[in-house]
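A.B. asks: coords below, sequence missing:
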Ligand code: SAM
């Protein structure tokens, strides 16, 4: 029997005209008009006859490319209700060949995504990835916020990652896409690179020129796919690891120890900063961009140890306070702890 095919659908240009849809600046709407490019995003996502979540379908260009692959089910989450007629039309066309497309009008950053997938798709974390794919061409500010939120969920096997190592393919401003995949010593290496690479294998698939969008954004766009790692490069709690990583990149041009020192109040900064490097067996003159994920993992282990010994250190916030927090007998405790911790960490 021949594979089902979608009935012919109007182009996005015609849809925008037909339903009088203008891009809304407030929602950073830029529509991708080129069918070859939306097909390419879907091809790179690797999706087959699967469960798919598309975030921000808008008028449905990318949605059409997903539907052409005849997924088992497509769920789209769109904030802007004006797209109802065009999304309904796509859902009806898919229903005509017995396909199932559900439309949710909501904010992707606020909804419970876990409830969208059926339990039978659940896989063990160590097994091959489940038949669930997340795809989205979102506004830049939303996708950057979302990737941090979703990396956190990956680290705790929550949401779509309660089903296993669900893959996702998202668009970002080109510079952000390059940062996400930036390797050690690259000048684009930053907090995002470390966070993404600690829990996933991010790949920059291709660049879409800004001129392919209507209206045209000021920048080009990078398509990045993320596969969660079976064994993350850190076992630390997401927030703790993120805190140390954030501090590591406080001053990009300085020695990384200057950045790490900002984890501590002024009066014990030098001493505890140096101790972190000794405990981690790292050269304090390494620049932030030269640190590997594993180096930052070791620094986090050292920081966690110090915070467990002296919880008041953990309360110190470099940006929030320029005042000194009292820390009694730091000097004595510090010297004693260093020996003890070296043994515990066996480094
Ligand atoms: N996917 C379409 C395309 O490729 O042409 C539209 C892309 S446009 C850059 C981003 C879409 O995401 C818009 O339709 C916008 O309304 C929607 N959007 C923006 N913020 C959103 C959010 N927080 N949750 C869900 N959708 C959102």
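C.D. replies: Cool, the structure landed. Bear in mind that the values here come from a model prediction, so they are computed numbers and not experimental data.
A.B. asks: residue contacts, the residue of the stretch 51-200 of the chain found nearest the ligand?
C.D. replies: The nearest approach of the stretch 51-200 of the chain to the ligand comes at residue 56, 2.4 Å away (Cβ to the nearest ligand atom). All C-beta spots, glycine's among them, are computed from the backbone N, C-alpha and C. Counting by Cβ atoms under 8 Å, 6 or more residues apart in numbering, residue 56 makes contact with 77, 78, 79, 108, 136, 137, 138, 139, 142.
A.B. asks: which ones among the residues you listed also lie next to the ligand?
C.D. replies: Filtering the contacts of residue 56 for proximity to the ligand (criterion: Cβ under 6 Å from any ligand atom) leaves 77, 78, 79, 108, 137, 138, 139, 142.
A.B. asks: related to what we said a few turns ago, most neighbours among the contacts of residue 56, which one?
C.D. replies: In terms of neighbour count, residue 137 stands highest of the contacts of residue 56 at 26 neighbours, by other Cβ atoms under 10 Å.
A.B. asks: does that one touch residue 62 like I think?
C.D. replies: Yes: shown here, residue 137 and residue 62 form a contact pair, counting by Cβ atoms under 8 Å, at 5.5 Å.
A.B. asks: please pull out the lowest mean pLDDT helix or strand from this structure.
C.D. replies: helix 330-345 (a mean of 36; mean pLDDT, DSSP states H and E).
A.B. asks: does the spatially most central residue of the chain count as helix, strand or coil?
C.D. replies: Centroid check for the chain by Cα atoms, centre = their mean gives residue 147 as the closest residue, at 2.3 Å. Three-state call for residue 147 (DSSP: H, G, I helix; E, B strand; the rest coil): helix.
A.B. asks: can you read off the pLDDT for it?
C.D. replies: Residue 147 carries a pLDDT value of 96.
A.B. asks: for residue 38, phi and psi?
C.D. replies: Main-chain dihedrals, residue 38, degrees, to the nearest 10: phi -70, psi -40.
A.B. asks: that one contacts residue 60, doesn't it?
C.D. replies: No: the pair residue 38 / residue 60 is not scored as a contact, 9.6 Å apart, by Cβ under 8 Å.
A.B. asks: quick one, strands of the stretch 51-200 of the chain?
C.D. replies: Taking DSSP state E, counting those that start in this stretch, the strands of the stretch 51-200 of the chain run over residues 51-55, 73-78, 100-105, 132-136, 167-173, 200-208.
A.B. asks: and those as CSV, adding mean pLDDT?
C.D. replies: Listed next are these as CSV, based on pLDDT from 0 to 100:
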stretch, mean pLDDT
strand 51-55, 97
strand 73-78, 97
strand 100-105, 97
strand 132-136, 97
strand 167-173, 97
strand 200-208, 98
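A.B. asks: using a markdown table, lay out these together with distance to residue 179.
C.D. replies: Output for the strands of the stretch 51-200 of the chain, formatted as a markdown table (distance: least, Cβ to Cβ, whole Å):
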| stretch | distance to residue 179 |
| --- | --- |
| strand 51-55 | 21 |
| strand 73-78 | 26 |
| strand 100-105 | 30 |
| strand 132-136 | 18 |
| strand 167-173 | 9 |
| strand 200-208 | 10 |
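A.B. asks: of the ones you listed, which is nearest residue 15?
C.D. replies: strand 73-78 (13.9 Å; Cβ to Cβ).
A.B. asks: which pLDDT value belongs to residue 19?
C.D. replies: In this prediction, residue 19 carries a pLDDT score of 80.
A.B. asks: tell me who's in contact with the residue nearest to the centre of the chain.
C.D. replies: When contacts are counted by Cβ under 8 Å, 6+ apart, residue 147 touches 170, 172, 180, 192, 196, 226.
A.B. asks: ok, residue 311 to the ligand distance?
C.D. replies: Between residue 311 and the ligand the computed distance is 37 Å (Cβ to the nearest ligand atom, to the nearest Å).
A.B. asks: check what pLDDT that residue gets.
C.D. replies: The score at residue 311 is 92. That number is its pLDDT.
A.B. asks: how about the one 3 residues further on?
C.D. replies: The score at residue 314 is 90. That number is its pLDDT.
A.B. asks: swap in the one 5 residues further on?
C.D. replies: If you check residue 319, the pLDDT there is 70.
A.B. asks: so it, which of the three states?
C.D. replies: State at residue 319, reduced to three classes by three-state DSSP: coil.
A.B. asks: burial count for it?
C.D. replies: 8.
A.B. asks: if I look at it, how far off is the ligand?
C.D. replies: 27 Å.
A.B. asks: quick one, helices of the chain?
C.D. replies: Ranges of helices in the chain, per DSSP state H, are 12-18, 35-45, 61-68, 84-95, 140-155, 174-181, 191-199, 238-248, 256-260, 269-280, 293-309, 311-314, 330-345.
A.B. asks: quick one: which of the contacts of residue 147 is nearest residue 262?
C.D. replies: Of all the contacts of residue 147, residue 192 has the smallest distance to residue 262: 19.1 Å, by Cβ to Cβ.
A.B. asks: give me the neighbour count for the closest residue in space to the closest one that isn't next to it in sequence.
C.D. replies: The shortest distance from residue 192 to any non-neighbouring residue, by Cβ to Cβ, 6 or more residues apart in numbering, is to residue 179 (5.0 Å). Burial measure for residue 179: 22 neighbouring residues, criterion other Cβ under 10 Å.
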